[in-house]
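Enquirer: 3D model of this:
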Amino acid sequence: MAKSVWAVDPTHSEIGFKVKHMMFTNVSGKFNSFEASVENEDDKFETSKISFSADTTSIDTANTDRDAHLRSADFFEVEKFPKLSFVSTEIKKVEDNQYKVSGDFTIRDVTKSITLDAEYSGLMKDPWGNTKAAFSLSGKISRKDFGLLWNAALETGGVLVSDEVKLLSEVQLVKK
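Expert: Residues are numbered from 1 along each chain as shown. Next up is the predicted model:
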C-alpha cells in the first residue's frame, strides 16, 4: 500500500456556512484562512485521516459590524480561541462518490462529534502536473452545543439568529 499525503489548496477551496437570520432569511459567511491535511492509502479516501483548522479571526460575512460581533465573546471569542478544528474519526463510503465523514469538531473549548456528507468529484492532474482531488462537504450543527449562545428575541416571536448552522464547503486537495 502506498501512503498519500494531501494538503488543501486554499485558492480553490471555500469553507462556508449559512445561518437563518430573523427566522426567514439566510446569512452566509466563510473563513478566509484555513488549512487541512489528509493522509490515506492508495488514494482511497475512505482510508483517510483528515485534520482541519480555520482561523476564527478570518470570519467573513461581508459585513464589518457583524464580523466584529462574531469575533467577540458573544460568539467565537477569537482572542482566547483563535482556531476551530475538525479531526476525522471515521469515513464511510456510501456510494461510488458519496461518503459520510465523522469526526471531532471543536469551537472555542467545546468538542462534539459531527458527521458531514461528502461528495467526491474525482482525481485530476492540473496543467502543471499536480494531482488534485475535489470534494463538496455539507452538514449541520447546533451552535448552542458549542457554547455560542448569544441571541435576541424578536417582537413578533422567534429569535434573531437560528441555532442551526449549515456547513457548506468546497475543497480541492493537492497531493504532496
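
Enquirer: Gly158: how many residues sit nearby?
Expert: The criterion is other Cβ atoms under 10 Å. On that basis, Gly158 has 13 neighbouring residues. (Each C-beta comes from the backbone N, C-alpha and C, glycine too.)

Enquirer: out of everything not next to it in sequence, what's closest to it?
Expert: Distances taken as Cβ to Cβ, 6 or more residues apart in numbering place Met23 nearest to Gly158, at 4.1 Å, with adjacent residues excluded.

Enquirer: That neighbour: what's it in contact with?
Expert: Met23 makes contact with 154, 158-159, 162 under the criterion Cβ atoms under 8 Å, 6 or more residues apart in numbering.

Enquirer: Inside helices: which ones of these?
Expert: Under the assignment DSSP state H, those contribute nothing to helices.

Enquirer: Which of the residues you listed fall within strands?
Expert: Judged by DSSP state E, strands contain the following of those: Ser162.

Enquirer: Name the residues that touch whatever helix or strand Lys18 lives in?
Expert: Here Lys18 is covered by strand 14-21, with elements defined by DSSP states H and E. Applying Cβ under 8 Å, 6+ apart, the set of residues contacting strand 14-21 from outside is 26-31, 34, 54, 143, 160-162, 164-171.

Enquirer: in its sheet, what does it sit against?
Expert: According to DSSP bridges, strand 14-21 has the following sheet partners: strand 25-31 (antiparallel), strand 161-175 (antiparallel).

Enquirer: What are the buried residues along the shortest one?
Expert: This means strand 25-31. The neighbour-count check on strand 25-31 (16 or more other Cβ atoms under 10 Å) flags 27, 29-31 as buried.

Enquirer: So what pairs up with Asp117 in the strands?
Expert: Under the criterion used (DSSP bridges), Asp117 bridges to Lys100, Ser138.

Enquirer: residues touching it, list them.
Expert: For Asp117, the residues meeting the contact criterion (Cβ under 8 Å, 6+ apart) are 98-101, 137-139.

Enquirer: returning to what we had before: of all the strands paired with strand 14-21, which lies closest to Gly147?
Expert: Between Gly147 and those, the shortest separation by Cβ to Cβ is 12.2 Å, and it involves strand 161-175.

Enquirer: that older thread, please name whichever of the strands paired with strand 14-21 is nearest to Phe81.
Expert: Comparing the strands paired with strand 14-21 against Phe81 with Cβ to Cβ, the closest turns out to be strand 25-31 (13.4 Å).

Enquirer: Now do that closest one: distance to the chain's middle.
Expert: Computed by Cα atoms, centre = their mean, to the nearest Å, the chain-centroid distance of strand 25-31 equals 13 Å.
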